[in-house]
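**Student:** Here you go, sequence then predicted model.
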Amino acid sequence: MNVVKKIWSWASTLAIAFVVASVVGIFIVQPYQVDGHSMDPTLHDSERVYVSKLPHTFSYLPEYGDIVIIDSRVDRNRGLKDDVLENPLIQLFRNTTDHVFYIKRVVGKPGDILEFKNHHVYRNGEEVNEPYVKEMMFFESDKKWIVPADHIFVMGDNRNNSEDSRDIGYIPLDHVLGKKIIP
């Protein structure tokens, strides 16, 4: 009987630790690993960053220049089920290799008018000062991009090597999974 109590004690302790770690990862803070070079020179391939999940949990609108983790599947709705299943602890048991999470910088917020001309980004008619950009951007467009309500526009710092809102479209706020906090 004493052995059963010890096993139960260990099992319940591990279960509680798993639940607490899952809740922290889903709602508070979560590690991510940079995959690719779209954020060079700010972040590098395979670099580990920690992300505050509080903006996602409480639906905060990120600020210009914030580095955010997004779900690139903008054509589908997200829910709590997604947040739970995408938690790293749950992923250990799921064996999935989806690369749907991107790390990008916020360039436009709802109502902003973005233009790409003279190798620069213009927001609401003013050139955006972007000292973090890797090199001169080759992308130009005659189109004016108007960010819809409850969406943001994101780009990588390596503008010539980034799949971002120019390709996948505007990012719904519920697809902004967190904001980079460390390093």
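**Tutor:** Good, I have the coordinates.
**Student:** how about the helices of the protein, start to end?
**Tutor:** 2-27, 54-57, 80-85, 88-94, 165-168 (DSSP state H).
**Student:** Reformat those as CSV; add mean pLDDT and distance to residue 126.
**Tutor:** (Each C-beta comes from the backbone N, C-alpha and C, glycine too.) As requested, those are exported to CSV (pLDDT from 0 to 100; distance: least, Cβ to Cβ, whole Å):
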stretch, mean pLDDT, distance to residue 126
helix 2-27, 86, 37
helix 54-57, 80, 25
helix 80-85, 79, 36
helix 88-94, 65, 40
helix 165-168, 94, 19
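**Student:** Out of those helices, flag the one nearest residue 141.
**Tutor:** helix 165-168 (8.0 Å; Cβ to Cβ).
**Student:** buried stuff in the closest one?
**Tutor:** Along helix 165-168, these residues count as buried under the neighbour rule (16 or more other Cβ atoms under 10 Å): 165, 166, 168.
**Student:** out of the residues you listed, which one sits closest to residue 5?
**Tutor:** Nearest to residue 5 among those: residue 168, at 53.9 Å, using Cβ to Cβ.
**Student:** which one is residue 73 nearest to, not counting chain neighbours?
**Tutor:** residue 100 (5.4 Å; Cβ to Cβ, 6 or more residues apart in numbering).
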